[in-house]
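1. Quick check, what structure comes out for this input:
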Amino acid sequence: MEIFPISYAIIEIIWKEVSRIKPPVPFIQSKRSFVLVLGLLALFIVLFIRYPGPDPWIDVWMRSIGLPLYSRPETESGLQYSGILAAVLLIFLFTNFTLAFSRHRFILFFVIIILIAQTPGWLTTGYQRLFASGVYALKLDPQQVRCSYAYLKDNYEGNCSLQMTNHSSQPVTVDAVLERPSYTRHPLSTRPITLSGLVLQPRTLNSFNATFTLPATGAEGDNGNINGFVITLSDGSNSRSWK
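-> Sure, this is the predicted structure:
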């Protein structure tokens, strides 16, 4: 007859102990901050897409509303205002990131960094492979374009090495124009280098070593190497620039 009172007492003790156990903290501890993180991450990715022009969309947007990109716009140097704006957005993103998640922050931090760095390029490549054609399907890294030259008989004789990827399913023929900014004060700064008839095979990286000849005027140097070009590619119908 005493079994039931004893059982009831045991159940009551167990219940009290269980009640003291705190429920686990949810992985997403702030839905508002989580939504802000997703929104800011998407905004950040979109603002740093570089297509079809050479500038990220954040620069294009600032220029479209009349805001300067640099504190010294004539030489595109000094403080970069778009970079400052991006830093503010990044701080706001990671502030909400720490509030949104209760654990695994270290892993998620690196995931977000990878997404910010790589996703704009992934989106551009995906669009080029699926929809783009002609010059709009091409990928070029202007920092990898280099030219060497020599002063021979009142002319500059040289060659330029460049690599381009054609993401489309059709061959593309382009003319390339390489220009150095005039403020760099290089002997070739006022002379565009034109490389004609470059044929890019589909779905592959194409390498070229094209020659050029430019007339020399005034006091000229002997020979050397040069990079840092603004590069314009034209397929006869459309053109794009990289810098």
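
2. Going by C-alpha atoms from here, please, whenever you check contacts or count neighbours.
-> OK.

3. so who does Thr124 touch?
-> By CA atoms under 8 Å, 6 or more residues apart in numbering, the contact set of Thr124 is Ile49, Arg50, Tyr51.

4. Now render the residues you listed as CSV, adding neighbour count.
-> Compiled in CSV, those are given as follows (neighbours: other CA atoms under 10 Å):
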residue, neighbour count
Ile49, 21
Arg50, 18
Tyr51, 20
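
5. wait, Asn166 sits on Leu198?
-> No. Using CA atoms under 8 Å, Asn166 makes no contact with Leu198, being 11.7 Å away.

6. neighbour-wise, which of those two wins?
-> Counted by other CA atoms under 10 Å, Asn166 and Leu198 do not tie: Asn166 has more neighbours, with 26 against 17.

7. the strands in this structure, which residues?
-> Assignment of strands within the chain using DSSP state E yields the ranges 70-72, 77-80, 138-140, 146-152, 155-166, 172-179, 193-200, 204-215, 223-226, 230-234, 239-242.

8. The fifth one pairs with which strands?
-> Read that as strand 155-166. Applying DSSP bridges, strand 155-166 is found paired with strand 138-140 (antiparallel), strand 146-152 (antiparallel), strand 204-215 (antiparallel).

9. do the same with the first one
-> The strands that strand 70-72 pairs with in its sheet are strand 77-80 (antiparallel) (by DSSP bridges).

10. next one: the strand it pairs with to chain centre, how far?
-> Mean C-alpha position of strand 77-80 versus that of the full chain (CA atoms, centre = their mean, to the nearest Å) differs by 19 Å.

11. Could you pull out the buried residues of it?
-> Under the neighbour-count criterion of 16 or more other CA atoms under 10 Å, strand 77-80 has Gln80 buried.

12. Give me the contacts around that strand.
-> The contact list for strand 77-80 (CA under 8 Å, 6+ apart) reads Leu69, Tyr70, Ser71, Arg72.

13. which residues sit in contact with the third one?
-> The reference is to Ser71. Here Ser71 is in contact with Ser77, Gly78, Leu79, Gln80, Tyr81 (criterion: CA under 8 Å, 6+ apart).

14. mind running it again at 7 Å?
-> Residues in contact with Ser71 (CA atoms under 7 Å, 6 or more residues apart in numbering) are Ser77, Gly78, Leu79, Gln80.

15. and the first one, bridged to which residues?
-> It refers to Ser77. In this structure, Ser77 bridges to Arg72 when assessed by DSSP bridges.

16. Check the gap between it and Ala87 for me.
-> 18 Å (CA to CA, to the nearest Å).

17. Please look at Leu162 and Thr211 and confirm they touch.
-> No. Contact between Leu162 and Thr211 fails when scored by CA atoms under 7 Å: they sit 11.5 Å apart.

18. in whichever helix in the chain runs longest, what counts as buried?
-> If each helix of the chain is counted by residues according to DSSP state H, the longest one is helix 105-130. Neighbour-count burial for helix 105-130, counted by 16+ other CA under 10 Å, picks out Ile112, Leu115, Ile116, Thr119, Pro120, Gly121, Thr124, Thr125, Gln128, Arg129.

19. If you drop the residues flanking it in sequence, what lies closest to Phe27?
-> In this structure, Phe27 finds its nearest non-sequential neighbour in Ser102, 5.2 Å apart by CA to CA, 6 or more residues apart in numbering.

20. Please apply the same query to Gln170.
-> Spatial nearest neighbour of Gln170, excluding adjacent residues (CA to CA, 6+ apart): Pro202 at 5.2 Å.
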